[in-house]
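Participant: Quick one: sequence and predicted model below, then my questions.
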Amino acid sequence: CCETYCMKCRVIGDSNVGKTCLTYRFCGGAFLKNPEATIGVDFRERTLQLDGESIKLQIWDTAGQERFRKSMVEHYYRSVHAVIFVYDMTSLSSFESLPEWIDECTRHSVGPMVPRILVGNKCDLRDSREVPTSVAQRLADSYNFPLFETSAKDPAEKEHVDAIFLTLAYRLKSHKPLRLKQPSESSVRYLWNQREREEAACQC
Ligand SMILES: Nc1nc2c(ncn2[C@@H]2O[C@H](COP(=O)(O)OP(=O)(O)OP(=O)(O)O)[C@@H](O)[C@H]2O)c(=O)[nH]1
């Protein structure tokens, strides 16, 4: 049958922006009213079928709190295939932190070929919005990242939440190094790092 690719996506952003809730939603869960703060890293996964190929997205939800961030930073970025930067659109400070998160990602050798997406969460709290779409779009454009605004809470937004991860999966899939012509030994192929992906590209 088709080959299964396993891709690691990191979800990054300030504490309380809704990283855990978004991840949980995408992986089939209901909205979490009182999730515990993530300690270090937590992961969930969901397998998508795209054009006859099986893509297992392993979503690594990383703690936003500073005290966990310092000790875990090396692990956060190791072998990452895609990054989702999340801010809370009702919190200007979470939006203003984004350049720092993005710089940190770059400092840890996450190369330009790794797809990134910007997500404004909590759009259900319309009256409390502090980050206008136009401002977020300007930042997204300056980095050349797609921007999504959504809500992990509003059930009507579930499709938008899915769309974030689907966009990443398509970007990863269409990424040349992932189009392996050689069948891999195992039915699940982990493409762990940039070097491995570059080597894989050479086989194409
Ligand atoms: N109204 C609303 N609340 C949300 C939404 N997403 C998350 N929340 C709430 O925001 C709070 C923080 O959510 P988490 O998902 O734990 O945030 P986090 O970014 O994972 O936080 P850390 O684990 O500390 O990094 C919780 O009380 C959630 O119920 C949303 O879309 N709308």
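Facilitator: All right, it came through fine.

Participant: Just give the nearest non-adjacent residue to residue 166, would you?
Facilitator: Nearest-residue entry for residue 166: residue 48, 6.9 Å, with adjacent residues in sequence omitted and distances by CB to CB, 6 or more residues apart in numbering. For glycine as for every other residue, the C-beta is placed from the backbone atoms N, C-alpha and C.

Participant: where does that neighbour fall, phi/psi-wise?
Facilitator: Main-chain torsions, residue 48, degrees, to the nearest 10: phi -110, psi 150.

Participant: who's in contact with it?
Facilitator: 54-57, 165-166, 169 (CB atoms under 8 Å, 6 or more residues apart in numbering).

Participant: ok, 7 Å please
Facilitator: 55, 57, 166, 169 (CB atoms under 7 Å, 6 or more residues apart in numbering).

Participant: Now intersect these with the strands, please.
Facilitator: 55, 57 (DSSP state E).

Participant: Can you sort out which of the contacts of residue 48 also neighbour the ligand?
Facilitator: For the ligand, no contacts are drawn from the contacts of residue 48 by CB under 6 Å from any ligand atom.

Participant: Export the contacts of residue 48 as a markdown table, with columns for pLDDT.
Facilitator: Converted to a markdown table, the contacts of residue 48 look like this (pLDDT from 0 to 100):
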| residue | pLDDT |
| --- | --- |
| 55 | 83 |
| 57 | 87 |
| 166 | 89 |
| 169 | 85 |
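
Participant: tell me the centre residue of the chain?
Facilitator: Centrality entry for the chain: nearest residue to the mean C-alpha point is residue 84, 3.0 Å, by CA atoms, centre = their mean.

Participant: Now it: phi and psi?
Facilitator: Torsion angles, degrees, to the nearest 10, at residue 84: phi -110, psi 120.

Participant: Quickly note the distance from it to the ligand.
Facilitator: Taking CB to the nearest ligand atom, to the nearest Å as the measure, residue 84 falls 11 Å from the ligand.

Participant: Next up, the contacts around that residue.
Facilitator: Contacts of residue 84 (CB under 7 Å, 6+ apart): 9, 11-12, 117, 119, 164.

Participant: let's see it at 6 Å
Facilitator: Residues in contact with residue 84, defined by CB atoms under 6 Å, 6 or more residues apart in numbering, are 11, 117, 119.

Participant: which of those residues lies closest to residue 37?
Facilitator: residue 11 (14.1 Å; CB to CB).

Participant: SS state for the closest one?
Facilitator: Secondary structure for residue 11, judged by DSSP: H, G, I helix; E, B strand; the rest coil, is strand.

Participant: Give me the local confidence score for it.
Facilitator: pLDDT, residue 11: 92.

Participant: Residue 146 now?
Facilitator: 93.
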